[in-house]
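J.: give me a model of this one.
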Amino acid sequence: MKNSKIVCLILLMGIISTTQAQDWQVAGLSADGVGAKIAFPAPPTKTVTQNGNVTNYTYKSVVGTDVYMVVASTSTGVFPKGNAKQSFDNSAKSIKKVQKQEAVFYQKYEAYKAQAEMNNGSFFTAQYVAHSKINIQMLIISKANSFPNSDKFFNSLVITALPADETGTKSSYEVGDRVEVFYKDPVRGDTWLHAMVLKVQADGKYFVNYDAYAESYDEAVEGARIRPMNTNIQGKVQFIPAKKGQVVSVNGNLSQGSIMEDLEWAENSSNACWVGIRNVEFEGNHVFYWFDLPKKSTVKITVIPKGNQPRVNVYGFVSFDFKFIPPNLPRCISCEAGFQQWVSNNLPDFTKSAGEQSIELNAISSRMKVFVAVAGAKGFTSGDYELKIEMK
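T.: Next up is the predicted model:
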């Protein structure tokens, strides 16, 4: 996993601020898919960057000339063993002299501590905590070679609910469960693959189907090779446990999402979700979801505004690759959008709800992953809605 650019950027920073110290405040990271809490000496700012299948959430708190920083990296794949030390080694080009370094354990997780002098004359002390799907880097950068608050900062980390690691947290699984299976690939090497449990066998093994693999790869695996999957993709795409023959409803609010500044991907011929002249229907907040669609199935997805107030629309596509979500979507098999039809450039009254909007998608010869988004029209960043999924 490559998060070296983030680390190097951190270590090269020479930040000077006149912000005064305040009471330490605990920041919860669960909204970003990171089950952890950390205390900062001043309210932190947050930035998000994407590097392949790794999402980096950077929290920064500045007090005087000292910078307190946390980089929480989540992955749709698996971080390799030894990633805690690797996070430190990635910063080697920015280091003039390593003063201290040691491998430790934080709770049951691999960890690494280090202190060094940087090439720009500053100093830093850091703690790295590694997990199979999450990497937490905590750093203090200072002009002085002293860190009186380092223990308070590092010890404030409380890991609450990370995704299951190699030891797993579940002893049994059911049909339809989303899992990861340890797979020995002669080409790519040992890895964890996303899969779905199709059958629980009498001998205690689980018959699974792998994402993006033909049915010829389906196999029965022992429970020791399985762990639960973190279904919160990139910390922002919520999983819906929809099943064939059932109707599932999810209540939401546009305030749970964010505005998508770039909508050009939608009219790209490789996606063809909607034409650009209708972008105004999707210039509000977007809230993301996903679910599995079994082969030989169809699904109707409907968004229903609550209280007939918010102007909400819906769009979705099949062949959802966890690495790519809008606006970074190069292509998909099929994309549909549901919004009120209106003639030419005669804009409708956006103060009024457009009512229910629906789309339909299907899977023919193989199981598909479906990405769905509820989007507000221009100016709509809040408002309750119901998302209904009818699968046949």
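J.: just give me the neighbour total for the nearest residue in space to residue 279 that is not next to it in sequence.
T.: The shortest distance from residue 279 to any residue that is not its chain neighbour, by CB to CB, 6 or more residues apart in numbering, is 4.8 Å, and that residue is residue 263. Yep, even glycine has a C-beta here, placed from its N, CA and C like the rest. Residue 263 has 19 neighbours, counted by other CB atoms under 10 Å.
J.: which residues in the stretch 251-392 of the chain form helices?
T.: Secondary structure of the stretch 251-392 of the chain, counting by DSSP state H, counting those that start in this stretch: helices at 264-267.
J.: low-confidence ranges, it, go.
T.: Applying pLDDT under 70 to the stretch 251-392 of the chain picks out residues 308.
J.: just the stretch 101-250 of the chain next, same as before
T.: Within the stretch 101-250 of the chain, the segments meeting pLDDT under 70 span 107-108, 160-171, 188-189.
J.: residue boundaries of the helices in it?
T.: With DSSP H, counting those that start in this stretch as the criterion, the stretch 101-250 of the chain has helices spanning 150-155.
J.: need the contact list for residue 29.
T.: For residue 29, the set of contacting residues under the criterion of CB atoms under 8 Å, 6 or more residues apart in numbering consists of 35-38, 57, 59, 70, 72.
J.: what's the spacing between the residue nearest to residue 279 and residue 277?
T.: Using CB to CB, to the nearest Å, we find residue 263 at a distance of 11 Å from residue 277.
J.: before we move on, what about residue 295?
T.: 36 Å.
J.: more neighbours: those two, which one.
T.: Residue environment comparison for residue 295 versus residue 277 gives the larger neighbour count to residue 295, 14 against 10, counting by other CB under 10 Å.
J.: residues contacting the more buried one?
T.: When contacts are taken as CB under 8 Å, 6+ apart, residue 295 is in contact with 363-368.
J.: okay, it and residue 366: tell me how far apart.
T.: Relative to residue 366, residue 295 is positioned 5 Å away (CB to CB).
J.: same check, this time on residue 292
T.: Distance from residue 292 to residue 366, counting by CB to CB: 11 Å.
J.: circling back: most neighbours among the contacts of residue 295, which one is it?
T.: Of all those, the most densely surrounded is residue 368 (23 neighbours; neighbours counted as other CB under 10 Å).
J.: thinking again about what came up before, using TSV, please lay out the contacts of residue 29 together with distance to residue 44, neighbour count and secondary structure.
T.: Below are the contacts of residue 29 laid out as TSV (distance: CB to CB, whole Å; neighbours: other CB atoms under 10 Å; DSSP: H, G, I helix; E, B strand; the rest coil):
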residue	distance to residue 44	neighbour count	secondary structure
35	18	17	coil
36	13	21	strand
37	12	15	strand
38	9	24	strand
57	11	20	strand
59	4	20	strand
70	8	24	strand
72	12	23	strand
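J.: which one of those is nearest residue 374?
T.: Nearest to residue 374 among those: residue 57, at 23.1 Å, using CB to CB.
J.: surely the closest one meets residue 45?
T.: No: under the criterion of CB atoms under 8 Å, residue 57 lies out of contact with residue 45, with a separation of 11.4 Å.
J.: return the residues in contact with residue 264.
T.: If a contact means CB under 8 Å, 6+ apart, then residue 264 has 276, 327 as its contacts.
J.: recalculate using a threshold of 10 Å.
T.: If you count contacts by CB atoms under 10 Å, 6 or more residues apart in numbering, residue 264 has them with 271, 276, 279, 327.
J.: what of residue 211?
T.: If a contact means CB under 10 Å, 6+ apart, then residue 211 has 178, 180, 193-196, 229, 292, 320-322, 367-369 as its contacts.
J.: what's the first-to-last distance across stretch 59-68?
T.: Using CA to CA, to the nearest Å, the span of stretch 59-68 from its first residue to its last is 8 Å.
J.: repeat for stretch 338-347
T.: 17 Å.
J.: buried stuff in it?
T.: 338-339 (16 or more other CB atoms under 10 Å).
J.: the residue nearest to residue 85 when sequence neighbours are not counted: how many residues sit nearby?
T.: Distance criterion CB to CB, 6+ apart; nearest residue to residue 85, sequence neighbours excluded, is residue 112 at 4.8 Å. Burial of residue 112 is recorded as 24 neighbouring residues (other CB under 10 Å).
J.: what is residue 112 paired to in the beta sheet?
T.: Residue 112 has these beta-bridge partners by DSSP bridges: residue 103, residue 128.
J.: what sits against it?
T.: With CB under 10 Å, 6+ apart as the criterion, the residues that contact residue 112 are 82-89, 101-106, 126-130, 137.
J.: also residue 360?
T.: For residue 360, the contact set (CB under 10 Å, 6+ apart) comprises 298-302, 316, 336, 338, 390.
J.: and which of the residues you listed is nearest to residue 283?
T.: Residue 283 has its nearest neighbour among the contacts of residue 360 in residue 338, at 16.0 Å by CB to CB.
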